[in-house]
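In: Pasted the sequence and its predicted model underneath.
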Amino acid sequence: MELHLNYAPRLPRRKDWRIGCLGAGFIMRDCHLVAYQQAGFNPIAIASRQLATAREVARQHNLATVYETYEQVLADPRVEVLDIAVPPEAQPGLIHAACQQAGHLRGILAQKPLAMTVAEARACVEACAKAGIVLAVNQNMRFDQSVRAMKDLLTRGWLGDPVLSTIEMRAIPHWMPWSEGLSSLSTFIMSIHHLDTFRYWFGTPDRVLASTRPDPRTRFPHEDGINLYILEYDSGCRACSWDDVWTGPSKEGVAGDIGIRWRIEGTDGLARGTIGWPSYPAKTPSTLDYSTRQHPGIWIQPRWNEVWFPDAFVGTMAQLLVALEEGIEPEISGRDNLETVALCQAVRTAAREHRVTTVREFLA
């Protein structure tokens with residue numbers, strides 16, 4: 001029985017790439033910098049909209065330099081790699097500003113969503129290409145251990161041809177204040193994880209069907225709260241997700257049923273798993289069980305100690321550093337990520353206009 005699936009990220013040979021950090025919120029403080037410390041990476045400078053916050057995070061993670069402005073980080077000639085963790089509406093401007101620097105910046109790790117539209121995202125990709133900067137995107141669920149192990153199973157062909165894949169999320173996110181002003185809530189903040197995961201597992205779908213409604217608990221105006229969508233592939237594969245950010249009134253007194261479960265059925269096997277993220281900050285590893293015709297009647301259950309938050313963030317930076325070392329595209333390049341942004345737009349439009357959409361129409 002094969003229990004040693006390829007779930008760990010590939011690490012760069014050189015660990016001391018000098019990283020400049022933009023943003024000092026939760027994702028930077030509790031995920032990026034924690035992961036970089038455990039991997040031996042080398043963040044050297046940080047800036048945030050709030051100088052006091054940047055100073056606090058620098059003290060916590062032993063960063064030598066705190067700048068008062070983002071522009072000072074961009075201009076620091078020591079910085080080789082830029083790590084951006086700011087709200088989506090601010091990110092494209094910082095990417096374009098970085099592309100104006102005089103050659104010392106080699107790579108950028110941008111947050112997901114890369115931008116809120118394909119047009120904005122493509123402009124970022126083209127600006128980086130023109131400036132000779134390698135752009136990667138922090139689609140961090142691709143480095144969740146169960147998601148990555150499942151990709152290895154699919155690559156080996158042990159499940160045969162994919163027939164049906166499902167993700168069922170029952171979780172209550174903490175919406176950040178910046179999310180209130182976005183044109184999309186769940187699609188570009190939560191569902192983007194699952195949509196990109198389906199792309200990682202099966203490729204970009206050929207058609208999209210979707211429905212959405214507001215989340216009763218979220219008080220600020222929004223359209224896309226609870227998201228339901230189906231992805232159709234010409235191969236016959238179907239993938240769907242129920243992204244339920246309501247989960248019933250579990251915060252209002254009823255018993256809770258919180259969790260994320262996923263499943264893939266193939267012609268030669270079946271796999272199922274859980275995502276440990278909803279129990280954060282408790283470190284709960286995601287899981288994978290699978291059964292194949294080669295080993296009929298039993299569940300094979302590889303396990304690991306790593307968790308999505310924060311351990312997966314080693315992989316998102318590592319894939320950029322490996323690309324810089326080897327002169328190749330990152331695993332999650334900006335150009336590849338255009339299709340994830342387009343898929344988000346396709347889901348959003350399918351739900352709003354009550355029609356079948358395609359990713360191609362948003363890439364045109």
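Out: Yes, it's here. Numbers count the residues shown, from 1 in each chain.

In: From residue 84, how far off is residue 11?
Out: 21 Å (C-beta to C-beta, to the nearest Å). No exception for glycine: its C-beta is placed from N, CA and C like everyone else's.

In: for residue 243, same thing?
Out: From residue 243 to residue 84 the distance is 25 Å (C-beta to C-beta).

In: Residue 124 too?
Out: From residue 124 across to residue 84, the span is 10 Å (C-beta to C-beta).

In: ok, now residue 259?
Out: Noted for residue 259: a distance of 31 Å to residue 84, by C-beta to C-beta.

In: Next: residue 225.
Out: To residue 84, residue 225 is 27 Å away according to C-beta to C-beta.

In: where does this structure dip in pLDDT?
Out: For the chain, the stretches flagged by pLDDT under 70 are 1-3.

In: can you rerun that using 80?
Out: 1-3, 102 (pLDDT under 80).

In: contacting residues around the spatially most central residue of it?
Out: Of all residues in the chain, the one closest to the mean position by C-alpha atoms, centre = their mean is residue 139, 2.3 Å from it. Residues near residue 139 by C-beta atoms under 8 Å, 6 or more residues apart in numbering: 112, 192-193, 196, 200, 316, 332, 337, 340.

In: and the nearest residue to residue 127 once chain neighbours are set aside, what does it touch?
Out: Of all residues not flanking residue 127 in the chain, residue 99 sits nearest, at 4.4 Å (C-beta to C-beta, 6 or more residues apart in numbering). Going by C-beta under 8 Å, 6+ apart, residue 99 touches 127-128, 130-131, 133.

In: Now name the helix or strand holding the closest residue to residue 4 other than its chain neighbours.
Out: Taking C-beta to C-beta, 6+ apart, and ignoring the residues beside it in sequence, residue 4 has residue 302 as its nearest neighbour in space, at 7.4 Å. Under DSSP states H and E, no helix or strand contains residue 302.

In: who does the helix or strand encompassing residue 199 touch, helix- and strand-wise?
Out: Residue 199 is part of helix 192-202 when elements are defined by DSSP H and E. In terms of contacts (3 or more C-beta pairs under 8 Å, 6 or more residues apart in numbering; DSSP states H and E), helix 192-202 is packed against helix 145-156, strand 162-170, strand 226-232, strand 238-244, helix 334-353.

In: To residue 74, which of these lies closest?
Out: Smallest distance to residue 74 across the helices and strands packed on helix 192-202 (C-beta to C-beta): 17.7 Å, for helix 334-353.
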